[in-house]
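Visitor: okay, here's the prediction I keep looking at, along with the sequence it came from:
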Amino acid sequence: MARNRDETRRATRESDPLVEAARYRVRRDAEARGEQVEEANPGQPTMEQRAQIIENSIQQAIRRGEFDNLPGAGKPLPGLTGTHDPDWWIRRKIEREQLTGLGPPALLLRTEDKELEAKLDRLASESAVREHLETFNRRIVEARRQLQGGPPVVTPTRDVDAELERWRQRRQERLRDAEANRRAEQEAYAAMSWRERRRFRRQSGR
């Protein structure tokens, strides 16, 4: 039975149009170069034939559109611009998997620096903002003094008073936006009919 299966597989390979087409192209190219192609085993394609079969399969997949709309199609490869970062793979893994508290201090501080304003905006008082900024600056200075190796610390310290002033401005803008939204909702509610108000209260749970 095993012999019959081997013969069946061999007959299938020999009748495969892709294999035959590959063999024909190899023989034609060899004849054009004045060479003679000898197949040691007629049932097995040569390396050149296998390469041609793979190329044909790829071209057919392209024509069928199997490579269309792949993730990242038409976009530049990440990491090709800018200066070389020897720890790019660590940074990429941390960003991709959103890991926190892992990695060299230089990478952690760089990530925190990008998210610093958003974190400050979640703090409720000026004293909390000042304390967070002072701690952040102290960690940068300590990381610059560390002698444990790793990438250099390039994250700059923050001007505490300047950051506090920007925090106040952002807070005032948020308060103004919230007040404007509240007034707009009140005006829209006042313009509703009693049925629309009842429907609005039911939907909003009021």
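Guide: That came through fine.

Visitor: buried residues in the helix or strand harbouring Glu187?
Guide: Assigned by DSSP states H and E, Glu187 belongs to helix 160-190. The neighbour-count check on helix 160-190 (16 or more other CB atoms under 10 Å) flags 160, 163-164, 166-167, 171 as buried. Bear in mind the C-beta positions are built from the backbone N, C-alpha and C, glycine included.

Visitor: quick one: those residues as a markdown table, columns for distance to Arg201 and pLDDT too.
Guide: Below are the buried residues of helix 160-190 laid out as a markdown table (distance: CB to CB, whole Å; pLDDT from 0 to 100):
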| residue | distance to Arg201 | pLDDT |
| --- | --- | --- |
| Val160 | 46 | 94 |
| Glu163 | 42 | 94 |
| Leu164 | 41 | 94 |
| Arg166 | 40 | 94 |
| Trp167 | 37 | 94 |
| Arg171 | 31 | 92 |
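
Visitor: and the two most separated of those residues?
Guide: Using CB to CB, the pair of the buried residues of helix 160-190 lying farthest apart is Val160 and Arg171, separated by 16.2 Å.

Visitor: low pLDDT regions in this protein?
Guide: Where the chain drops to pLDDT under 70, the residues are 1-23, 25-26, 29-30, 33-45, 72-74, 76-103, 147-150, 205-206.

Visitor: just the helices in it please.
Guide: Using DSSP state H, the helices of the chain run over residues 2-15, 17-32, 47-64, 88-97, 105-114, 116-121, 126-145, 160-190, 194-204.

Visitor: domains in this protein, by residue range?
Guide: 2-64, 88-158 (automatic domain parsing).

Visitor: appreciated, that's everything.
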